[in-house]
Every structure is written in structure tokens, then in C-alpha cells.
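Enquirer: Kindly generate the corresponding structure for this input.
(chains A and B)
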Amino acid sequence: MRTDSSQLRNIGISAHIDSGKTTLTERILFYCKKIYRMHEVKGKDGVGATMDSMDLERERGITISSAATNVTWSDHQINIIDTPGHVDFTIEVERSLRVLDGAVLVLCSVGGVQSQTITVDRQLRRYGVPWIAFINKLDRVGADPLKVKNQLRDKLGHNAVLLQIPIGLEDKHEGVVDLVAMKAVYFDGTQGETVRMEEIPAELRPEAEKRRAELLDAASLYSDELMEAVLGSRETEGQIIEAVRKGTVSRGLIPVFMGSAYKNKGVQPLLDAVVRYLPYPAEVENYAFDLDHDARQIKLSPDPEAGAVALAFKLEEGPYGQLTYIRVYQGEIKKGEELFNTRSRQKLRVGRLVRMHADSMADIDEAESGDIAALFGVDCQSGDTFVKTGLNLAMSAIYVPEPVISLAVLPVGTKSADNLAKALKRFTKEDPTFRTYVDRESKQTVIQGMGELHLDVYIERMKREYKVEVETGMPQVAYRESISVRAEFDYTHKKQTGGAGQFGRVTGAIEPLPDKAYEFVNEVKGGRIPREFIPSCDKGFRAVLRKGRLIGFPITGVKVTLTDGQSHEVDSSDMAFQAAAQGAFWQAYAKAKPQILEPIMKLSVESPVEFVGNIFGSINQRRGLIVSTVEDGIFARVDAEVPLSEMFGYSTILRSMTQGKAEFTMEFLKYARVPVQIAEKLTAEHEGKTKKDQAK
Amino acid sequence: MLREELVKRSPLRILETSMHGGLGKGNVGVLASRKGVGKTACLVHISTDKLFQQKPVIHVSYSSRVDHIINWYEDIFKEIAKSLNLESTADIHDEIIKNRVIMNFNQEGAKTEQVLRSLEALIQFGKFAAETIIVDGYNFIQSSPDDLKKFKDFAAKIGLEVWFSASLKGDDPLFDDLGLPHELKRYLDSIDVLITLHSVENLVQLRLVKDHDYPAPAELRLGLDPGTLLIAEP
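Expert: Sure, this is the predicted structure:
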């Protein structure tokens, strides 16, 4: 067990789907003696890999939920967060990255840098996470690790440097040459468990020397000591490792390792590399907001004596209640101790504290700064900060994008209806990008998310985990309404039919507001609208923004400036001014050339080059805009911007037109104006629906 | 200034006049110089000028990453907009992006036939009616006159013009008495317009050394402004 934080690594394993990440994780668990038998994803033995804890993941061969697990390697503890590969679940990846100190990016030796790799690279960059590369599947036909290393340089602009070269490729893949130790490494035993170091085969010697020279060149930039030693040809392994470590931690250098997890080759040297080159928690600077001092950012101290600060980064509802995954950033958390949730302002007691291993767990008494652990039975939300009582700090909120698609769900049978509520409660707690509400008019339950696949997965989970059968409506795009020009209002709300009257007059203007949903500016002078009624006006404007008049979707990007008004001593009231604001808004809205906005997605399609024509055609038919293409002779990547409304069922279409050889990723990019013809169609549909509802 | 006026006052009109109305459909033009003199800046300016005229452009790059090329376009657009006080820049910028597709190829991996197939697929199936193709980073040393001829035939078949950049790498003198680069002589049959760039005392001069079938072209009154990297009158 570790004695200090330099013996701890918190790492994530990120990858493009199908690059063999789950198999690699499984092998890591095996070599670290956490499991005693290995399975494969979609295993023939009917048992999936250990890290895929949900049935659905096992069936689809993909990893959806990021399960945390803890292993020991060379007297170091490694916490591994298994991250999902599909971009629809990006929030899971982002939440995992937030708590990591380093990552292993797995690449397929045939597919190389693919669209998902680019997304993950962008996320690693956003959170400043240092990473090392593992080129997997060297046993596959067409394996070309050098090409993949060059793609890391050319396509992603990274200073990628080989630390190994392969001994044989495809069916002749035997092992790797370690360019630091200058030894050939083989993996013996039925499961590759015995690592054998040999002299480098003579035929690989010149290549190994050439690549080592490249490695020394790159590493020398991070160590004067190494540079001097290299000039005198007396460099040591320790000097090289230290220099590569500096380069990696500063994100200036990406060390590249390789092997075949499936064939049990190259995994143990990768674990050595995690320990050698990725940073330990105390090396990484972490910050929190001090809520007592205007949310000023303060640096957290890894000192175990400092007050505890921990972030709840993932929630899971299990058979024994809610499991909360936490990362401790400062101090230590002990069993039985009292903590304070700075969001809910509630105290909580640490009951059971556990270290997770995919589906099983081990009880622990304390978790120190840098640790990843899980708490039982704590009521909280994802993203909450727990601190020692007396502190008032919040870790920065994890960025949560707005959902872009919604789907009405209708439970079949009363039992399903009861369970549906339970399922939705759990999913919304676990995943902040999954939301739900009951539509006031149709009384239907609506679920919202980041893409078609995202919602599909939850529908499946409802069936499997909660036995909820649902009928679903057509997926609905989250349109918005906005205005395109400035328009003035001058509106009087007046009612005097028996009882107390109502009076309020408001004057001002509305105008387009880019990059923001709403802004209210009060420029009323001389108390023409009494001060207490100004918030009433604001409230009135906010209320109307919830539902536009073109197609009934929320209105966004509006600045309201209130310049003048009038009140009545007796008849003016909060209600009267709210009503005046609402009337005023609709008066100006019609003049402000309202328009419909739709979500535009960033689409990235990868396919063998022979299908690019079909892909261009499919994008064009979907009102898409082709931005760029990248071709390397065999594969092509097409990047485009497409309206989400045109993309339903695209995966099926793409599969059929490319014989299943292409794949795509899609993520929200921006809102943009809907073309006139489509806007007219949407407006007509909305009018038709409204009339029908009124007739009812 | 309005867009139409900006197009009218562009120094590229001088270039067109100098070469008898422009490059023309079915023709191949080449900008040649040593590395780092300003070929990419010139190509992106020529391309942006077409985009200002709402003429779609395909930018083919054999060397730079897509994001680098996008940055080139952003810089050149900003400089043009700034130098001529362009109005409604945001709308024009959005429109320009719609008329531009960047295609990145690896010359060792992607053969000319495949590149042309992909270009044709974009024009035909992607319904992208390009009038100009810009080809940057093409390696003339590794390539052959046959390959360039394939581009020229393609330009004639589809009815568009193609601008190349050529990086000259040989020993001095790079040019013969007529100003033609020695390295490009074997390609001259497929080149309709050839412009060379020369670095002279902090200035980059443009010289028209081949102009369709017209005899001995005159000196161009154009250079590359080292501050803005735009083609400009000296």
C-alpha cells in the first residue's frame, strides 16, 4: 500500500469506440491481480469484461457508465476511471476528466486518430490533463503504429515520441522493443503474465537506434542534464525517464507505447509507464472557489492536515442505495466524520466509505487527498462539494451543456408508470445532461438529452433495470425563437370591471442579444414606475420568454430596456405590472421580426475513401454544410455542420450506404436561423396544432 | 465600404487585367517561389477574393492541417475587412464560410486520381458548384507532368480554374533568363499562368512570367504587403 501521494495515480482510459479500451482495462485488472480470469467484450463465454457493469454495455460491446476501480502496480496505487467512448455521453467523459491527473489515450493501430480521438483530445486539452498514448491491436491486419504516431503529430499537433517499437506486426507480432532500456520485451505464459527481457533482435537494431536518437532529441529539451549526457554518449535510463516525465507532465511531449491487449502483449510496460510518466495528485494544481470571499479562486493544498475538500463527480443508484463517487482534493475524509455540502448547505456524516472495483468494493476507513473513493447513502447531486465543517469552498462547477433533443414517453400499464418515475429520478440524478418534465398541455412525460443514442440508451435501461415498457413519440428538436431587429413598446394594462382595478404602463424596447438568453435593463427615471414594481416588470418579461408565439418554443437572445411608464396610486400592483410587461413584449415581438432557431450539430463522418461521394450526398440532402475533409489514401474524414432535425436515423442510413464501414460522431455546435421555407412549415404545423387543441 | 465596391477596388483586378481577364476556366495557374516568401498568403487572398464575389472555392491542401488553413482565411479576411472598412462583416464572413470547403490530402497516400475523384464527388454529390480550386503544398518535385495534366483536364471537364503553389527548392539560379523557374519547365505545357514571387529588400514582388499564349508578359505592378500579407500595389 502507498505511504505518500507520490505513489498514487488517478488515470482515465480514453479512446475511440472499438479501439479495445475495455479489453485493455480488463488486462490491467488481471495483471494487477484484481481479477483472476479474463473475459472479452462480447465474450464468447457470455460474461462481459469486468469494467462494463451494466447488461446493456455488455450486450452492445460499449462502455456507457464510467466505473472507477483501484489497482496496485509496483507499490503504486492506480485509480482507473473507465470512460465511455461515444460522444453522446460526453458529459460522462468530461466529468471523469475533471477528477483525473493523467490519462492513457488508446488508439487502434489500423484506424489511428479518428473523430472521437479528436474530441477526447480536445477535452483533455480543456482540462489540461497530461496523457500517454497506447497504440493497441498490433496483431490486426494493416497495423501501422508509425502511421498512428505520425497522425498524433500531424492531425492533433502533438509532440508524439515513440518509447517502443514493435517486434513484428499482424500475425507476427511478438513483443516490443523498449527504447529506454534498449531491450526486447516478450510476454510469455498462457496469458502473457511473464515478462521476458532479451537483447534486441539484430534486424531491428538499426531501427531501434534511430528511434532512440529521436527520443533522446525530444526528451533532451526537458533536461539540461540529459542533453549534456547525450552529447557525451553517457545518458542513463534514469535521466531519460526523468526528462520524459517532465515533458509529459507539462503536456509538451506525448510518449507513445504499443501492443495488443487482446493478445496479452504490451500491457505491463504500459502500467510501468503510467507510474513513471503520469503525475501524482500533489503535482497537479487544483483550485476551489472561496464562497466567503466573493467566490475568489484559491489553490488547494494536498497537505493531509488541511481541512477536507472533496468533489462528488458521479452518482449511481445501486441495490444498497445511492453510491457517490468522490475525489478528495485536500485533507482527508474519515469514516464517521461530519462533512458539509456547500451547495445544499446541509451537514452529512460519512457512513460507509469504500474503494471501488467495477462491481465489487472494499471498505476503507479514510480517503486522503488525491484519492478516489465512494460514499454510501449520501443525498446529493453530481458536482456537489463536500468540505470539513467550517470551510466554505466549492469546486468549480462541471460544464453542463443544454439538451438538444426531446422525446415523449408513454408508459404501458400502471406498473410501468410507477417504475418510470423511479427510473427517471435515478437517471436525472446520475446524468445532468439527461432531463425530464411533464408537458403541461399534452400531460406527457418528456425526456431530454444530448442526442438520439443518448435517449435510446435510457429507454433501454428503463426496460432492463426497471421493467418499464414505454411507447415513444417522434424525437423533437429543441427549437428556439428569437428576434432579429430592435422594436419599441408602449403598452398600458388597464382593467376596471368591478372590484379593485388594475393599471400599469410600460415603455421601452426589445433588441437582439447575442450569446445570452436574456437581459433586463432598467432606465426608468423619476419614479415613473415605482421602484417596487420594477422587479414585477422583469418577472413579466421572463414569463413570456418561456413560450414564443411562432412555434411555442422558448424565446432566447433578448435584451429588454425599460425607459418609462406610468402607475396609479390605487390600481397599480405587482400583478398589473407583470401583465403590462407581458402585453408590451408581445406588442414589440411582432415588430422585432421574430425568427426560429434550430440546433446545428458538428458532424464528423469517417469512412473508407470509396464512400465519400455517398457521404457528401447524404450531408447535402440534410441541409448540411461540408466544412472540410481529410484523406490519407485509405480513410477519409468529412467534417460538416448539419441541422439536428435532419439527422434522425442517420446511423442506419450511413450504415446501409457504406456497407457498415463508416461511422460518425455528432455534438452540439450552435443555434442558427431556420431557412424561410422550413420556418413557414413549422409555424403552420404549430398553428394547426393550436387550433386542434382549442377545438378540443 | 460595401462588398461590391470592395471587389471592384481589389488589387486582384490589376492582376486580372495584367493577364488578359484572369486565369479562365479550364486553366491552371501556378505561384512559384522559395519556401516562406508568401505563396499561401497570395493563394488565400485570391481565394477570398472569389468568395467575396460569392463564387464557391475548394481549397486543397497537401501540407497544412485544416485548422491552420482556417486560421489563414480568418487572418486574410480580417485584414481585407479592416483595410477597406467593410460593412456587415459578420454576415459576409458567415456567407464566405458557406462557399468554402477545405480538403486535406496526404500526397504520398492519396494519388492524383483519388484526389480528383473526391473533388468530383464533392462537386457532384455534395452539390458544391466550385468555380475555383486552390491547391497548396503540392510537391512538384515528387510529381510528374502527367499528374498536372490530369488536373488541367479535370479543370476543363468541370469548367473551373485551378491555382497551385509551387515551392522551389533547387540551387541558385532558380530562374532562367526569361524568369521561368528551372524546376517547373517540364510542367510548362499544362501551366497557363505562371507568377513568381521575389523577395527584394523587405518587399515581395510578383512577376508574371507566363500569361496563357501571350508573348513576353510585362512586370506586374503588384507585391505582397509584408505587414498585412495581402496582395497590394507597391
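
Enquirer: per-domain residue ranges of chain A.
Expert: As assigned by automatic domain parsing, chain A contains the domains A:5-281, A:287-395, A:406-477, A:485-592, A:597-677.

Enquirer: Please name the nearest non-neighbouring residue to A:Tyr127.
Expert: Nearest residue to A:Tyr127 in three dimensions, chain neighbours excluded: A:Leu97, at 4.7 Å (C-beta to C-beta, 6 or more residues apart in numbering or on different chains). (C-beta placed from N, C-alpha, C; glycine too.)

Enquirer: does chain B sit close to the longest strand seen in chain A?
Expert: Secondary structure of chain A read by DSSP state E shows that its longest strand is strand A:594-608. No: using C-beta under 8 Å from any C-beta of the partner chain, strand A:594-608 stays clear of chain B, with a minimum separation of 11.4 Å.

Enquirer: So which elements touch the following helix or strand past that strand?
Expert: Once the chain leaves strand A:594-608, the next helix or strand it forms, by DSSP states H and E, is helix A:612-621. Contacts defined by 3 or more C-beta pairs under 8 Å, 6 or more residues apart in numbering or on different chains; DSSP states H and E place helix A:612-621 against strand A:594-608, strand A:625-631, strand A:635-643, helix A:650-657, helix B:112-124.

Enquirer: Kindly recompute the last result at 7 Å.
Expert: Helices and strands touching helix A:612-621, by 3 or more C-beta pairs under 7 Å, 6 or more residues apart in numbering or on different chains; DSSP states H and E, are strand A:625-631, strand A:635-643, helix A:650-657, helix B:112-124.

Enquirer: count of neighbours near residue 108?
Expert: All of this refers to chain A. A:Cys108 has 24 neighbours, counted by other C-beta atoms under 10 Å in any protein chain shown.

Enquirer: think we crossed wires, I meant chain B
Expert: Counted with other C-beta under 10 Å, the neighbours of B:Glu108 add up to 11.

Enquirer: Give me the nearest residue to the one residue in chain A that gets nearest to chain B, chain neighbours excluded.
Expert: Going by C-beta to the nearest C-beta, chain B is nearest to A:Gly633 of chain A, at 2.6 Å. Excluding the flanking residues, the one nearest A:Gly633 by C-beta to C-beta, 6+ apart is B:Gly109, at 2.6 Å.

Enquirer: Need phi/psi at the residue nearest to A:Tyr127.
Expert: Phi and psi for A:Leu97, reported as degrees, to the nearest 10, are phi -60, psi -30.

Enquirer: quick one: contacts for it?
Expert: Residues near A:Leu97 by C-beta atoms under 7 Å, 6 or more residues apart in numbering or on different chains: A:12, A:123-124, A:127, A:129.

Enquirer: confidence score at it?
Expert: For A:Leu97, the pLDDT comes out at 76.

Enquirer: Looking at the chain, which helix is longest?
Expert: Picking chain A for this. The longest helix of chain A (DSSP state H) is helix A:676-695.

Enquirer: Correction: the question concerned chain B.
Expert: Secondary structure of chain B per DSSP H: the longest helix is helix B:66-83.

Enquirer: That one: which residues count as buried?
Expert: Within helix B:66-83, the residues scored as buried using 16 or more other C-beta atoms under 10 Å in any protein chain shown are B:66, B:69-70, B:72-73, B:76-77, B:79-81.

Enquirer: Which helix or strand lies directly C-terminal to it?
Expert: Going down the chain from helix B:66-83, the next helix or strand is helix B:89-98, by DSSP H and E.

Enquirer: In chain A, where is pLDDT below threshold?
Expert: A:1-3, A:17-18, A:34-67, A:82-95, A:317-320, A:357-360, A:396-400, A:498 (pLDDT under 70).

Enquirer: near chain B, which residues of it?
Expert: Chain A comes close to chain B at residues A:154-155, A:157, A:609, A:612-613, A:616-617, A:619-620, A:625-634, as judged by C-beta under 7 Å from any C-beta of the partner chain.

Enquirer: which residues touch the closest residue to B:Phe175 other than its chain neighbours?
Expert: Excluding its sequence neighbours, the residue lying closest to B:Phe175 (C-beta to C-beta, 6+ apart) is B:Pro181, at 5.6 Å. Contact analysis of B:Pro181 by C-beta under 7 Å, 6+ apart lists B:32, B:168, B:174-175, B:196.

Enquirer: out of these, who's nearest chain A?
Expert: Distances from chain A to the contacts of B:Pro181, taken by C-beta to the nearest C-beta, are shortest for B:Leu168, at 23.8 Å.

Enquirer: Phi and psi next, for that closest one.
Expert: The phi/psi pair for B:Leu168 (degrees, to the nearest 10) reads phi -90, psi 130.

Enquirer: Around it, count how many other residues there are.
Expert: 20.

Enquirer: Just grab the bridge partners of it for me.
Expert: Taking DSSP bridges as the rule, B:Leu168 bridges to B:Arg34.

Enquirer: Could you check how far it is from B:Glu183?
Expert: Here the criterion is C-beta to C-beta, to the nearest Å. By it, B:Leu168 lies 5 Å from B:Glu183.
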